[in-house]
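Visitor: Kindly return the folded structure for what I paste below:
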Amino acid sequence: MTVKLSPSILSSDFANLGAAVREAEAAGAEWVHVDVMDGHFVPNITIGVPVVRSLRKATRLPLDVHLMIERPERYIEAFANAGADIITVHQEATVHLHRAVQQIRSLSRKAGVAINPGTPVGMLDEILPYVDLVLVMSVNPGFGGQDFIPTSPAKIGTVRDALDRLDRFDVEIEVDGGISTATAAGVVAAGASVLVAGSAIFNDRASVAENVAKLRRPSTRPRPGWRNGRRSGLKTGSGKGSVEMIENYHAANIKTNLAPRSTAGKSRSKKATDEEGAETPKPRRGASPRRRSSRARSGSRRGEPEA
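Guide: I've put the predicted structure just below:
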């Protein structure tokens, strides 16, 4: 499975959405990410069904529609009919998550489930057998341009492990939030297969094509605390759709780095050293040979044999 780029139009020029999408397609992007916000589930309002319908006419790329809305099941069919190819709903946004996923799949669309930074991966245990994609939010949803949450790679690795235990190697792991040349390699090494990037692609510093090329070749400098990629199916190299994975990342999980250091090992070592010292004490420098104990001397005076 190759690593895909899904440029988020949330950071593009809304007056020229069609042109922005065509530019991303020409640059080699695999998907187009569409953030739908309702002002209730997240503190922002963006776009809806009419914009998705218009985008469908502007590109042949799959439309990756991320519903950050309450009770998304009310709008799933409308977005599917408008041209969405992938529809992702939030675990936190509906009490009937399985029903929503089944509704998406019944419409012959790929079904994704997203989790916020504060939601544990264990909340997905019952739905993982039914999804095509898991979206890990690496920022709090609602606004573009936020800083990447540094514990996200560990969370991605936990999702990958959970999917591997189910033999769901076909499920995509998408990451959304703070993706840049500084963070892309780390999330890929953790197990991500789809990178959502907004301000890293649509900005005034360089063209879309230049920014896409930069993300495809992230820095190869090892960054401690991010886990090695464990998914043998991921391809590396410069082929289309691939992001060069980092093979020499620090092996320790970031959770280990964040956990308080244990002193148990030090205590045991000190105790062992003390015991060894008690059994074979080292002579002091310049000390004379050990004298007989007072008991031995007194026993000798009483005519008792010395030990």
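
Visitor: show me where the chain has helices.
Guide: 17-26, 49-58, 76-82, 97-106, 152-165, 184-190, 208-216, 254-258, 264-279, 294-301 (DSSP state H).

Visitor: buried sites along the second one?
Guide: It refers to helix 49-58. By 16 or more other CB atoms under 10 Å, the buried positions in helix 49-58 come out as 49, 51, 52, 53, 55, 58. For the C-beta atoms, the positions are set from N, CA and C on the backbone; glycine is no exception.

Visitor: Next: the fifth one.
Guide: When neighbours are counted by 16+ other CB under 10 Å, the buried residues of helix 152-165 are found to be 152, 153, 154, 155, 156, 157, 158, 159, 160, 162, 163.

Visitor: For that helix, what is the distance to the chain centroid?
Guide: The offset between the C-alpha centroid of helix 152-165 and the centroid of the whole chain comes to 8 Å, using CA atoms, centre = their mean, to the nearest Å.

Visitor: What part of the protein, helix or strand, is modelled with the least confidence?
Guide: Among the helices and strands of the chain, helix 254-258 carries the lowest confidence by mean pLDDT, DSSP states H and E, at a mean of 39.

Visitor: show me what contacts residue 144?
Guide: For residue 144, the contact set (CB atoms under 8 Å, 6 or more residues apart in numbering) comprises 8, 10, 11, 35, 198, 199.

Visitor: can you tell me which of those residues are in strands?
Guide: Restricting those to those inside strands, with DSSP state E as the criterion, leaves residue 35.

Visitor: Determine the number of other residues adjacent to the residue nearest to residue 5 when sequence neighbours are not counted.
Guide: The spatial neighbour of residue 5 that comes closest, neighbours along the chain excluded (CB to CB, 6 or more residues apart in numbering), is residue 29 at 4.9 Å. Residue 29 is flanked by 24 other residues according to other CB atoms under 10 Å.

Visitor: Surely residue 29 touches residue 212?
Guide: Yes. In terms of CB atoms under 8 Å, residue 29 counts as a neighbour of residue 212; the distance is 6.2 Å.

Visitor: Need the overlap of contacts for these two.
Guide: A shared contact of residue 29 and residue 212, defined by CB under 8 Å, 6+ apart, is any residue touching both; here these are 5, 7, 201.

Visitor: Out of the contacts of residue 144, the closest to residue 140 would be?
Guide: Of all the contacts of residue 144, the one with the least separation from residue 140 (CB to CB) is residue 35, at 13.2 Å.

Visitor: which residues sit in contact with residue 101?
Guide: Shown in contact with residue 101 (CB under 8 Å, 6+ apart): 89, 111, 113, 127, 130, 131.

Visitor: and if we set it to 6 Å?
Guide: Neighbour list for residue 101: 111, 130 [criterion: CB atoms under 6 Å, 6 or more residues apart in numbering].

Visitor: what number of residues lie near the closest residue to residue 51 other than its chain neighbours?
Guide: When the adjacent residues along the chain are set aside, residue 51 lies closest to residue 17, with 7.1 Å between them (CB to CB, 6+ apart). When counting by other CB under 10 Å, one arrives at 18 neighbours for residue 17.

Visitor: Just the closest of the buried residues of helix 152-165 to residue 208, please.
Guide: Nearest to residue 208 among the buried residues of helix 152-165 is residue 152, at 24.6 Å by CB to CB.

Visitor: if I look at the closest one, how far off is residue 7?
Guide: Here the distance between residue 152 and residue 7 works out to 19 Å (CB to CB, to the nearest Å).

Visitor: Over to residue 51?
Guide: 15 Å.

Visitor: swap in residue 21?
Guide: Distance, residue 21 to residue 7, using CB to CB: 8 Å.

Visitor: do residue 146 as well
Guide: Between residue 146 and residue 7 the distance, using CB to CB, works out to 17 Å.

Visitor: Same drill for these two, tell me which one is more crowded.
Guide: Neighbours around residue 146 and residue 7, counted as other CB under 10 Å, are more numerous at residue 7. The numbers are 31 against 15.

Visitor: from memory the more buried one sits against residue 24, does it?
Guide: Yes. With contact taken as CB atoms under 6 Å, residue 7 and residue 24 are classed as touching, separated by 4.4 Å.

Visitor: Pull up the overlap in contacts between those two.
Guide: Common neighbours of residue 7 and residue 24 (CB under 6 Å, 6+ apart) do not exist.

Visitor: what two of the contacts of residue 144 are the furthest from one another?
Guide: Going by CB to CB, the pair spanning those furthest: 35 and 199, at 12.6 Å.

Visitor: Compare neighbour counts for those two and give me the winner.
Guide: For residue 35 against residue 199, the residue with the higher neighbour count under other CB under 10 Å is residue 35, and the figures read 24 against 18.

Visitor: That one against residue 64, yeah?
Guide: No. Counting by CB under 6 Å, residue 35 sits too far from residue 64 to count as a contact (9.7 Å).
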